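**Student:** Pasting the sequence and the predicted model now:
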Amino acid sequence: MTIVEQGGGTAQVPDLIKDTTTQSFVKDVIEESKRQPVLIDFWAPWCGPCKQLTPILEKAVKAAKGKVKLVKMNIDEHPAIPGQMGIQSIPAVIAFVGGRPADGFMGAVPESQVSAFIEKLTKGVPGVGEPDIGEILKEAEAVLAEGDPTGAAQIYAEILSFDAANIAALAGLAKCYVETGAIEQARETLAQVPEAKRGDSAVSAVQAAIDLAEQAQSLGPIGELEQKVAANPLDHQARFDLATALNAAGKRKEATDQLLEIVKRDRKWNEDGARKQLVQFFEAWGGADEATIEGRKRLSTILFS
C-alpha cells in the first residue's frame, strides 16, 4: 500500500481566499465548511485594524496549505449577515466547521495568535497533497484485524515515513511486531514514543502485550505445562505459566480458562496474581476484543457470586 497524495499527481492548492456577498454566503461559507474549516473575516474599508489583520490572515491561511479557507465580507456593502450573527465590532473572524460557527476572535491579534488559532482549528485535517492519516490508520487496523500483521506493518511504516511521531502508527507497528514474534523490534519501536505519551491506551496495550510475550519466552512447551497441571491440578504456578504460554500462542479463551480456574480455586494465590494477570491480558487484547468482553463477564461472575 502506498500513500498517495489527495487527488493524485501533483497537488494543486485551490482558491483559498475569496470575497463573498450576502447572496453567496451560504455557498462560500456554510456549504464549504462541510468540506473543510472556513474563516470568515468581517471588515470594512474604513477600519484601520482590519487592514492590519487581513494580510496576517491571508499569510496564515496560505501557510496552512489548503487545510482552511478564508472568506472576506465587507460589512458596509453586505450588512445583513453580520447583523444576523450579532457582529458589533470589527475586525471579527468567525470559524465555520460542519456548516456551523465553531470558534472566533475579535480585533487585530498578532500573527502568532492567528497561527495558533488555525492550528487548533485544523488539527487532524489533511492539507492539499497530504494523505488522510486517519483513514490510512483505519485501513492498517483493518488489515491487522484480518490476521495480516506483515501487511499492516507496511502501512504503519509508510505512515511513519510521513509522520514519524504518529503515536497510533508507532503503537500499531509495535503490535504487528509482537504478533509476528519480533519482540525486540516491538520494544525498540515503542521506545520511540515520548514519555508524555506512554499513557496512551494503544501504547499501554502494546506494552502489556510485550511484557506478556517476554514472560512466555522463559516458559517450557505448552504440552509439558499441560502435563504438569494434569498431574497436579492444585499446582497454580504451573497453571499460571500454562495460561501465559497459551496467550502467547494466540489461544485467548484457553488462557482465560486457566486463570479463571485459579481464581475459583484460590483467589488470594500469589497476592491475587491470577486476576492481575487476566487484567493484563485484557489490556493487551483491547477492550473491544471478544475474548476481553467474555473474559470480563466470566471474571465478574466468579468475583461477585
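**Tutor:** Thanks, I have the structure now.

**Student:** before we move on, which element is the closest residue to Q280 other than its chain neighbours in?
**Tutor:** Among residues not flanking Q280 along the chain, A208 sits closest, at 5.2 Å (Cβ to Cβ, 6 or more residues apart in numbering). C-beta: built from backbone N, CA, C; applies to glycine. Assigned by DSSP states H and E, A208 belongs to helix 201-217.

**Student:** Mind giving me the packing neighbours of that helix?
**Tutor:** Counting contacts by 3 or more Cβ pairs under 8 Å, 6 or more residues apart in numbering; DSSP states H and E, helix 201-217 is packed against helix 167-179, helix 183-190, helix 236-248, helix 273-285.

**Student:** Only C-alpha atoms, please: export that helix in CSV.
**Tutor:** Provided in CSV are the C-alpha atoms of helix 201-217 (Å, rounded to 0.1, in the frame of the first residue of the first chain):
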residue,chain,number,x,y,z
SER,A,201,-4.3,3.4,25.6
ALA,A,202,-2.9,1.9,22.4
VAL,A,203,0.7,2.3,23.8
SER,A,204,-0.3,0.7,27.1
ALA,A,205,-1.9,-2.2,25.3
VAL,A,206,1.2,-3.0,23.3
GLN,A,207,3.4,-2.6,26.3
ALA,A,208,1.3,-5.1,28.1
ALA,A,209,1.5,-7.5,25.1
ILE,A,210,5.3,-7.1,25.0
ASP,A,211,5.5,-7.9,28.8
LEU,A,212,3.4,-11.0,28.4
ALA,A,213,5.4,-12.2,25.4
GLU,A,214,8.6,-11.8,27.3
GLN,A,215,7.1,-13.8,30.2
ALA,A,216,6.2,-16.6,27.8
GLN,A,217,9.7,-16.8,26.4
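
**Student:** what separates it from the chain centre, distance-wise?
**Tutor:** Put simply, helix 201-217 sits 19 Å off its chain's centre (Cα atoms, centre = their mean, to the nearest Å).

**Student:** same check, this time on stretch 178-198
**Tutor:** Centre-to-centre, stretch 178-198 and its host chain are 17 Å apart (Cα atoms, centre = their mean).

**Student:** list the buried ones in it?
**Tutor:** In terms of neighbour count (16 or more other Cβ atoms under 10 Å), stretch 178-198 has its buried residues at V178, E179, A182, I183, Q185, A186, R187, T189, L190, V193.

**Student:** how far away is the second one from A249?
**Tutor:** Here the criterion is Cβ to Cβ, to the nearest Å. By it, E179 lies 12 Å from A249.

**Student:** cool, and the first one?
**Tutor:** Between V178 and A249 the distance, using Cβ to Cβ, works out to 13 Å.

**Student:** With the fourth one instead?
**Tutor:** Separation of I183 from A249 (Cβ to Cβ): 14 Å.

**Student:** nearest residue to the residue nearest the centre of the chain other than its sequence neighbours?
**Tutor:** Centrality entry for the chain: nearest residue to the mean C-alpha point is A168, 5.4 Å, by Cα atoms, centre = their mean. Nearest residue to A168, sequence neighbours excluded (Cβ to Cβ, 6+ apart): L137, at 5.4 Å.

**Student:** my read: the one you found touches L160, true?
**Tutor:** No. L137 lies out of contact with L160 (Cβ atoms under 8 Å); the separation is 11.1 Å.

**Student:** so where's this protein uncertain?
**Tutor:** Along the chain, segments meeting pLDDT under 70 span 1-14, 124-131.

**Student:** quick one: furthest residue from the center of it?
**Tutor:** The chain, Cα atoms, centre = their mean, max distance from centroid: A231 (47.3 Å).

**Student:** and for L137 and L160, which residues touch both?
**Tutor:** Counting by Cβ atoms under 8 Å, 6 or more residues apart in numbering, the residues touching both L137 and L160 are N166, A169.
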